Every structure is written in C-alpha cells, then in structure tokens.
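> Provided below for reference: sequence and predicted model.
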Amino acid sequence: MEILTKKVKGAEDILPSDACRWQFLEELMRDEAEKCGFKEIRTPVFEHTVLFNRSVGETTDVVQKEMYTFDTKGGESITLRPEGTAGAARAYLEHALYNDGLPVKVYYHLTCYRYEKAQAGRQREFHQFGMETYGAADAKADAEMICAANGIFDRLGLENIRLEINSIGCKTCRSSYTQALKEYFTARKSELCDTCLSRLDRNPMRILDCKNESCKKVAETAPVVLDYICEDCSTHFDRVKTFLDAADVSYTVNPTIVRGLDYYTRTVFEFVTDAIGAQGTVCGGGRYDGLIEELGGQPTPALGFAMGIERLLLVLKAQGIELPGTPTCDLYIASLGVDAEIKAFSLSQKLRSASIITETDIVGRSLRAQMKYADKISAKYSVVIGDDDLKNNTVRVKDMRNKENSFDAPLDEEAFLEVFTDKADLDGFSADLENIKKLLESLSEGSSDE
Ligand code: ATP
Ligand code: MG
C-alpha cells in the first residue's frame, strides 16, 4: 500500500497506545500547578511575528534561525509559537488580567514549533508544560516556581535529574558584564561563527549559548555573570537559595547557565539529566522582570518555566518508570439475533453511563467474529446475549482472564449494572479522571513514604 503522504519531518504522531501516558503526565502537571494556585491559560498557536522578535529577542537562535514565519493572504507576518511565555504575557496584558489582583499565576500545556535539526529529544513540533507568575518580585516567588517544577519530577519518582540555578543579574549590572564579554570575545573573534560575530556588538551574552562547537569552546573560559551581579541581585539570589533550602530542594549553582532567550533577568534555572544524550535540559526557566514592560505594560516583575514533555518521557523511560498504559475494554457485549442486538446496545449505554468501558458490535459481525474481536482488544469480561438469555432474563458474564471467575447476571439494565459492579474485578487503570486521580494519589503516597 502506498499512502499519499507521510508526516512532516520533525513532527511526531502520538498514537492511541501512547496517548494515555501523555494524559497521565498532563493530569499530574495540572494537579501540581493547581495545588499552588495556578490557573490554566490557552493561547493561539500563532501570534504576530513582532511578539516573538521583541520578547524572545532578535539575536537569539530561536528568532534568527528557528521560527516558522509566514505572510498571510492579508499580508500579515504570523509566526507559529516557538514557546509559551510570549503568548501568555500578551494575553495577560490584552485582557488586563492584572485587574484580578496580583500576583496572577497561570499554567499551560501547548505545542511549540521550531525549525531545528530533528533528533532524539529535539523535534520541530514539540510539547511544553509551563507555569508563569506575574507581579511578584520577591525571591519567594522564584522558589515557589522552582519547587513547583521540582514537585512534578519528585512525584514521578525521577532520580536521574538535577536542578542547576544561577543569577544573570538585572539590566544595570548586566552592562558591566556585557562589556567584559565583549572584550573577551573580541580578542577571540577568529574562533566565532558568523552568527556570533554579528552578536558581538548587539548581544554578546547570546554567544554563550551558541551550539557551534568552536563557539562553545571559546565560551567555556569566558567571564561568568555571577561575578558581575550587583548587591541587590546578589541578595535576591541568596534569598532564593534560603527558600529552596527551607523547602528541602537540592540544587547546585552553575554559573555558566544563561538561558537561550533574551527576556531573562536575575534567577535562571534548569533541570538537567545525563540519561538521554545531548538533549539533556528537560526544564528551563527563570525571572523575566523586563518582559511585560517591553510588551507595552506597566513595569511588572514576572517569572516562569517550561518543560519539554518529549524529553521528560525519554528520562522516564531511561529510568524504567512505567506510566499507566492504555485502558482496555471492561466488558464486551456480543449478541446473536435482532432482539439481542438491541438489548446489547441498550445495556452498553447503561454501563457506559457508569464509566465502565463497554463495547458492542457496530459492524455487523458474526458471533464468532465478535468474540474474536473481544479477544483482540483484550476485553476483561464478555457476555453473549442470545434468544434464550432474553427469555430467561439472565446472562453469563465470562471473565476472559480466568473462566472460573465467571458469574451470572440479570439482563435488566439496572440490575445487570449492580451485579457487574459488585462482582467484576476491574482493577488497574481506566481512562476516566477519577482513576487517574487515584493513581496520582498512590504515586504521591509512594514518594512520601521514602
Ligand atoms: P535547548 O538548549 O535544548 O535547545 P532551549 O533552551 O532552546 O533548549 P527552552 O526554550 O528553554 O529550550 O524550552 C524549554 C524546554 O522545552 C527545554 O528544556 C526542552 O525540554 C524543551 N524543548 C526546547 N526545544 C525543543 C525541541 N526542539 N524539541 C523538543 N523539546 C524541546
Ligand atoms: Mg533550543
């Protein structure tokens, strides 16, 4: 068979056999965020290009090399979001969310688009979960943000991931650092790539996160920003550490972290792993006190983080952490004859209304083929409704895993449901939210036992 076309390079399908793991992570993250008072925000996939140019920064890799930008038929320049912070900040301003009282705390699950070399842990369409706080200047907000990200990794039982923090100072102290970097890199111009040469005057800090091997090598011995930060920034950083210590969150200070986006100020942090190869940053974030003003708002301290779901799944796999698999059918209702198929249909609706995963034939198969299908989808229980069963108003419920546990149940919908719920053993994971919540609870009980 030759299909018309395949997926675009760098984009991935999430198949039914895998989607459950995604739902589980999404639910866990939602739960962690809401516990800390964050509310969900959903913004469009595309924005006016100027938003990202301005917020992510003209001299960043993202803006210079990675954005999917196009002109619409109306002649507008539009960009598929490469990250979530800019869109959320735009929405915060456009809808004056600050009127609800500061701080405003939001979280999001979204797809991002970056034209990058596709490889393990690096895609052109990928997924982020992120959290943002607007209107909180205190170091406690930084610690709350870091603890929230850490809480997600903790709850999953991840051990092969570490937190690294740094401070990159404010606008004022940045200027003496920028000067030092300019001098350092100017003396080593011949070793820089063309993009970095153009950054030398405009924004030498961006050279520090260039992926070019030669630039990386020069950057290794460059002056570090932590040596240049002012007293206020230094006090702020110390307080962040104090609160992280109080929350029992372990970290190391890595003075070389600068983050790849221009909007960061003061605290920056990354959760890094060595378990998944070169693409080891699972989560990155920090404070961006200048962004809201840059987008036309009042000066507003703000901060956030984003974690990559694809990379998180790779780390989980590397550590052998199994997330719940796809729920299978609880009950397959097979039928023989016209009256029986009507009964099967009404019974299936009744069971579904009680969140029992129920299937019945919708393609007109023979009884034999129906049972073959029930086997194929690994149904936990099955019934076969025939004329005799209708007459007797009772049916045998077969346990597909262990025939000895089969039982009889009345065919009346209400009574069947009652007996089935009582006698069937539907352990394990089922897709409905109640079960996900239960599973989350058992996960967190497990981690607090340690
Ligand atoms: P990297 O240095 O790996 O390119 P980044 O600094 O560009 O990462 P951020 O912009 O901080 O990444 O995005 C936050 C998170 O989103 C990253 O830590 C990573 O987990 C994920 N991420 C970023 N780019 C990609 C991508 N192309 N494919 C998959 N995940 C990504
Ligand atoms: Mg990148």
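Yep, it's here. Numbering: from 1, shown residues only. Ligands and ions are numbered 1, 2, ... in the order given.
> by proximity to ligand 1, which residue of the protein wins?
In the chain, no residue comes nearer to ligand 1 than G308, which is 2.3 Å away by C-beta to the nearest ligand atom. No exception for glycine: its C-beta is placed from N, CA and C like everyone else's.
> quick one: pLDDT of that residue?
Reported pLDDT at G308 in the predicted model: 98.
> the spatially most central residue of the chain: what's it in contact with?
Centroid-nearest residue in the chain, with C-alpha atoms, centre = their mean: F129, separated by 3.4 Å. If you count contacts by C-beta atoms under 8 Å, 6 or more residues apart in numbering, F129 has them with 25-26, 29, 107-109, 306-307, 309.
> chain neighbours aside, what residue packs nearest to it?
Once flanking residues are discounted, F129 sits nearest to M29: 4.7 Å by C-beta to C-beta, 6 or more residues apart in numbering.
> report the separation between the one you found and R42.
If you measure M29 against R42 using C-beta to C-beta, to the nearest Å, the figure is 14 Å.
> so between the two, which is more surrounded?
Regarding M29 and R42, a neighbour count based on other C-beta atoms under 10 Å identifies M29 as having more, with 25 against 11.
> I'd say that one and H127 touch.
No. Shown here, M29 and H127 do not form a contact pair, counting by C-beta atoms under 8 Å, at 10.9 Å.
> give the intersection of the neighbour lists for the two.
Overlap between the contact sets of M29 and H127, as judged by C-beta under 8 Å, 6+ apart, is given by H109.
> what does the stretch 251-400 of the chain have sitting close to ligand 1?
260, 279, 281-284, 306-308, 310-311 (C-beta under 6 Å from any ligand atom).
> please repeat the previous calculation with a cut-off of 5 Å.
Contact residues (C-beta under 5 Å from any ligand atom) of the stretch 251-400 of the chain with ligand 1: 260, 281, 284, 306, 308, 310-311.
> so which of those residues are in helices?
Of the positions in these, 310-311 sit in helices, assigned by DSSP state H.
> tell me the two of the residues of the stretch 251-400 of the chain next to ligand 1 that are most distant?
The largest separation in these, counting by C-beta to C-beta, is between G260 and E310 at 17.4 Å.
> which pLDDT value belongs to T267?
Model confidence at T267, expressed as pLDDT, equals 97.
> could you do S190 as well?
Looking at S190, its pLDDT reads 95.
> now it, what are its backbone angles?
Dihedral pair for S190: phi -70, psi -20, per degrees, to the nearest 10.
> tally of neighbours for it?
8.
> could you measure from Q123 over to E27?
Look at Q123 and E27: by C-beta to C-beta, they are 22 Å apart.
> compare the two (neighbour count), which wins?
In this view Q123 and E27 are compared by other C-beta under 10 Å, and Q123 has more residues nearby, 22 against 15.
> can you give me the strands for the stretch 51-200 of the chain?
Taking DSSP state E, counting those that start in this stretch to define them, one finds strands in the stretch 51-200 of the chain at 68-71, 77-80, 104-113, 125-134, 162-167.
> got a list of what the closest residue to G285 other than its chain neighbours touches?
In space, G285 comes closest to F305 once its chain neighbours are excluded; the distance is 2.5 Å by C-beta to C-beta, 6+ apart. Listed by C-beta under 8 Å, 6+ apart, the contact partners of F305 are 130-131, 145-146, 149, 269, 283-286.
> go with 6 Å
For F305, the contacting residues are 149, 283, 285, by C-beta atoms under 6 Å, 6 or more residues apart in numbering.
> restricted to buried residues, select these in PyMOL.
In PyMOL, selecting the buried portion of the contacts of F305, with burial taken from 16 or more other C-beta atoms under 10 Å, looks like this:
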select buried, resi 149+283+285
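> need the contacts of F305 in TSV with pLDDT, can you?
As requested, these are exported to TSV (pLDDT from 0 to 100):
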residue	pLDDT
A149	98
C283	98
G285	97
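> out of the contacts of F305, which comes closest to I356?
The shortest approach to I356 among the contacts of F305 belongs to A149, at 36.7 Å (C-beta to C-beta).
> surely that closest one meets C283?
Yes. Between A149 and C283 there is a contact under C-beta atoms under 6 Å: 5.3 Å.
> stretch 136-152 near ligand 1 anywhere?
No. Counting by C-beta under 5 Å from any ligand atom, ligand 1 is not contacted by stretch 136-152; separation bottoms out at 10.6 Å.
> report the buried residues of that stretch.
For stretch 136-152, by 16+ other C-beta under 10 Å, it's 136-137, 139, 141-152.
> from the chain's centroid, how far away is that stretch?
Here the centre of mass of C-alpha atoms in stretch 136-152, compared against the chain's by C-alpha atoms, centre = their mean, to the nearest Å, lies 18 Å away.
> do the same with stretch 212-229
Stretch 212-229 has its C-alpha centroid displaced from the chain centroid by 30 Å (C-alpha atoms, centre = their mean).
> still on that earlier bit, quick check: the farthest pair among the buried residues of stretch 136-152?
Every pair in those was compared (C-beta to C-beta); the two farthest apart turn out to be A137 and I152, at 24.7 Å.
> pLDDT score assigned to G325?
Predicted confidence (pLDDT) at G325: the value is 85.
> which residues of the stretch 301-450 of the chain score low on pLDDT?
Per-residue confidence of the stretch 301-450 of the chain (counting by pLDDT under 70) places the weak regions at 428-450.
> so which residues of it form helices?
309-318, 338-353, 367-376, 387-392, 413-423, 433-449 (DSSP state H, counting those that start in this stretch).
> mind checking which of the ones you listed is nearest C329?
When the helices of the stretch 301-450 of the chain are ranked by distance to C329, counting by C-beta to C-beta, first place goes to helix 367-376 at 7.5 Å.
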